[in-house]
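# can't give you the sequence, but here's the structure:
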């Protein structure tokens, strides 16, 4: 158990509304990631963070922003949700002693109507 | 860019038997890592096994083992003595080595494994 929680676990929202998903970790991991999972695509990286206030884009970052103001929290924001952002969102961390291995949170199912 | 291919969308196996899931990948990197993740109906992504490309010895974790063929860019997962709890989606994933840091995971599309009683 890598001590990762995600909130909310489920959310239904309407097109055009802002949405923020939260990833919280309790073990001071440096690296945190946001992935989305869609049928037929596996998981794809949206954004990642390598420290407080240090973030970078992944392969599917359009329409998403992130923030990390403290080590334990990594926020993913959809500024104006679209139906194409309906997905399951996973947060992941990698540990200091094994930075090349990632562990995942429980996921958030987001539905945009 | 790296790609990961899982050619078996679905597989089934009888309880207590052995099953092998296939994975191939494409990369020009020489130093990298390969993973198998399990996703049961609960949706949780669970790390099953990890292989460093520089290690010739195949990784094993209890009933799970891999056949890593670097030259062929093949990374198959063998599950021995299959159990009902092994029913899940299995994802093969690739990560290139990053000195002192971390890289993104590149996933295949998954294989749905069903273990039948």
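Arrived safely, thanks for sending. If you're wondering where the values come from, they're calculated on a predicted model, not measured in any experiment.
# hey, let's count contacts and neighbours off CA atoms from now on
OK.
# How many residues are close by the residue of chain B found nearest chain A?
Closest residue of chain B to chain A, Cα to the nearest Cα: residue B:109 (4.4 Å). Residue B:109 has 24 neighbouring residues, counting by other Cα atoms under 10 Å in any protein chain shown.
# Without its sequence neighbours, what residue ends up closest to it?
residue A:42 (4.4 Å; Cα to Cα, 6 or more residues apart in numbering or on different chains).
# residue of chain A with the smallest distance to chain B?
Residue of chain A nearest chain B, by Cα to the nearest Cα: residue A:42 (4.4 Å).
# thought that residue was touching residue B:107?
Yes. Between residue A:42 and residue B:107 there is a contact at 5.7 Å, judged by Cα atoms under 8 Å.
# neighbour count winner among those two?
Using other Cα under 10 Å as the criterion, residue A:42 and residue B:107 rank with residue B:107 on top: 26 against 17.
# residue ranges for the strands of chain B, please.
In chain B, the segments counted as strands under DSSP state E are B:3-5, B:10-14, B:19-21, B:24-26, B:32-39, B:46-52, B:60-61, B:64-69, B:74-79, B:88-96, B:106-107, B:111-116.
# To residue A:108, which of those strands lies closest?
In terms of Cα to Cα, the element of the strands of chain B nearest to residue A:108 is strand B:32-39, at 14.2 Å.
# The closest one close to chain A?
Yes. Judged by Cα under 8 Å from any Cα of the partner chain, strand B:32-39 and chain A are in contact via residue B:33.
# Parallel or antiparallel, which strands does the host helix or strand of residue A:101 pair with?
Using DSSP states H and E, residue A:101 sits within strand A:98-104. Paired strands of strand A:98-104, with direction, are strand A:87-95 (antiparallel) (DSSP bridges).
# What's the mean pLDDT across the partner strand?
Across strand A:87-95, pLDDT averages out at 93.
# List the contacts of it.
Contact with strand A:87-95 is made by A:2, A:4, A:6, A:23, A:29-38, A:100-111, B:102, as judged by Cα atoms under 8 Å, 6 or more residues apart in numbering or on different chains.
# Only the buried members of these: can you turn that into a ChimeraX selection?
Buried members of these, defined by 16 or more other Cα atoms under 10 Å in any protein chain shown, are picked up in ChimeraX with:
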select /A:2,4,6,23,29,30,31,32,33,34,35,36,37,100,101,102,103,104,105,106,107,108,109,110,111 /B:102
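# Could you give the backbone dihedrals for the closest residue in space to residue A:51 that isn't next to it in sequence?
Using Cα to Cα, 6+ apart and skipping the chain neighbours, the partner closest in space to residue A:51 is residue A:30 (5.4 Å). With angles defined as degrees, to the nearest 10, residue A:30 sits at phi -80, psi -50.
# measure residue A:30 to residue A:68 for me?
Distance, residue A:30 to residue A:68, using Cα to Cα, to the nearest Å: 11 Å.
# need the contact list for residue B:66.
Contacts of residue B:66 by Cα under 8 Å, 6+ apart are B:58-60, B:75-78.
# Distance check, it against residue B:52.
Between residue B:66 and residue B:52 the distance is 12 Å, computed by Cα to Cα.
# Then residue B:26?
As judged by Cα to Cα, residue B:26 and residue B:52 stand 16 Å apart.
# which non-adjacent residue is nearest residue 91?
Just going to use chain A. Spatial nearest neighbour of residue A:91, excluding adjacent residues (Cα to Cα, 6+ apart): residue A:34 at 4.6 Å.
# I was after chain B.
Once flanking residues are discounted, residue B:91 sits nearest to residue B:110: 4.5 Å by Cα to Cα, 6+ apart.
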